[in-house]
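S.K.: Could you look at this predicted model? Sequence included:
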Amino acid sequence: MIPWYRWLRYAFLLGCLVLAGCSFPGMIPPGQALPAAQATPSPTPLPGLSLPFDEGPHQDLTEWWYYTGHLQGTDAMGHAHTYGFELTFFQIARGDLTGYVGHYGLTDLTRGTYISQQQIVSDPNAVLRNESSPPDTGFNLQVNAWSMHGLNGHEQLTAAADDYALTLGLTSNKPGVALHNGDGLLTSFGIGFSYYYSRTHLQATGTLMDHGVSVPVTGIAWMDHQWGNFLIGPAISWDWFSVQLSTNVEYMVFFLNDRTSNTSYSGATRVAADGTSTPLTMGLAEVALHQWTSPTTHITYPSGWHLSVPDGQLTITPDLLNQEFVAQNASAGTSYWEGACTVTGTLKGQTVSGQSYVELTGRQASK
């Protein structure tokens, strides 16, 4: 089974743009449910994913660049700091119009706090890809003062919200990228097509301005890039896990539930220390250990998990309970939990440890 959880970000993106007052041809009016999924027909045959050309923006309906990471640093006074971060740019194209939504979340594990902010622009500083675009220009994206740019696994991020301003350089420690579903192309379910790849082990170096104090930081980050012509329906929730182990092995694991059909799906990709990626479809299971209810949205999320993968068992523990991204004009359909976590477990008889980012969405607020 392929990782369809990421396609569901599309519904969230539409909701953000509607709530912000942006209007694009084909968007859903406020208060109206998403229509039955009918995406642009896929060309036959679909071209293969090609890098570095496909790092940049495309002409397709939906696209996003997603980063999370774990950072550590010591300030000039000798005080240690530990952080987690998320920075995501969503792109939605309708006719001649293109809009961007930016999400920035920062977990300060030293203070035990979490902040988030959303930025929306209807005229983004980005040039869409076409057949005449240079093949080696990478991507250069900006949403207001936030930015992402990079090429061939050398990338830079900037974002600021409240009292936390992040400037980060990223370098991939593994050759190539992880192509999900084997070739990075998803075509099932008849709702369109999507390309999807990840850089699962990015060495991070930069600076985090923390309440006016400059903290040099280092750490490990993860990047997802997905795009395509697809539409989806409502009533779907998912749990998504990026796992980065001290053995330099990574896992992407997801569990999806469709409440309308009462069906569930799961899938995973394992990335070996040498960068080889392998799709996983069997031996996957998830057990939630606890629950946490948001005091802001009143949504109840699972909190803490036992994961079964073909190689063994992993336990994932949130580093902070409240890491809920509450979107502007938030409702149950537009807020989600995206948080830094710690990993322990046993794989192939060996004790392992590491770090994780977990994404939970599609939950309903408690009555």
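M.R.: On my side now, so go ahead.
S.K.: what about stretch 340-358, start to end distance?
M.R.: 7 Å (CA to CA, to the nearest Å).
S.K.: Verify the stated contact: Pro175 with Ala273.
M.R.: No: between Pro175 and Ala273 there is no contact under CB atoms under 8 Å: 11.2 Å. From N, CA and C alone the C-beta is placed, and that goes for glycine too.
S.K.: These two: which is more packed in?
M.R.: More neighbours surround Ala273 than the other of Pro175 and Ala273, with 13 against 9 (other CB atoms under 10 Å).
S.K.: Which pLDDT value belongs to the nearest residue to the more buried one once chain neighbours are set aside?
M.R.: Excluding its sequence neighbours, the residue lying closest to Ala273 (CB to CB, 6 or more residues apart in numbering) is Asn248, at 4.1 Å. As predicted, Asn248 sits at a pLDDT of 97.
S.K.: what about Asn248, neighbour count?
M.R.: For Asn248, the neighbour count with other CB under 10 Å is 17.
S.K.: Same check on Thr297?
M.R.: Applying other CB under 10 Å, I find that Thr297 has 22 neighbouring residues.
S.K.: For the helix or strand where Asp239 lies, name the packing helices and strands.
M.R.: Using DSSP states H and E, the element containing Asp239 is strand 236-245. Under the contact criterion of 3 or more CB pairs under 8 Å, 6 or more residues apart in numbering; DSSP states H and E, strand 236-245 touches strand 192-210, strand 213-230, strand 250-258, strand 305-309, strand 312-318, strand 336-347, strand 350-361.
S.K.: so what does the fourth one touch, helix or strand wise?
M.R.: This points to strand 305-309. strand 236-245, strand 250-258, strand 285-288, strand 312-318.
S.K.: if we can go back for a sec, which of the helices and strands packed on strand 236-245 sits closest to Ala288?
M.R.: Closest to Ala288 of the helices and strands packed on strand 236-245, according to CB to CB: strand 305-309, at 5.8 Å.
S.K.: is it fair to say Leu168 lies in a strand?
M.R.: Yes: the assignment for Leu168 by DSSP: H, G, I helix; E, B strand; the rest coil puts it in a strand.
S.K.: Let me see the contact set for the closest residue to it other than its chain neighbours.
M.R.: Nearest non-adjacent residue to Leu168, counting by CB to CB, 6+ apart: Gly206, 3.7 Å away. Residues counted as contacts of Gly206 (CB atoms under 8 Å, 6 or more residues apart in numbering) are 157, 166-169, 216-217.
S.K.: Pick the one among the residues you listed closest to Glu324.
M.R.: Leu166 (19.5 Å).
S.K.: Report the beta-bridge partner residues of the closest one.
M.R.: Ala159, Leu208 (DSSP bridges).
S.K.: tell me which element the residue nearest to the spatial centre of the chain falls in.
M.R.: Geometric centre of the chain, nearest residue: Tyr66, 4.3 Å, by CA atoms, centre = their mean. Element membership for Tyr66 (DSSP H and E) is strand 62-74.
S.K.: Now that strand: buried residues?
M.R.: 62-73 (16 or more other CB atoms under 10 Å).
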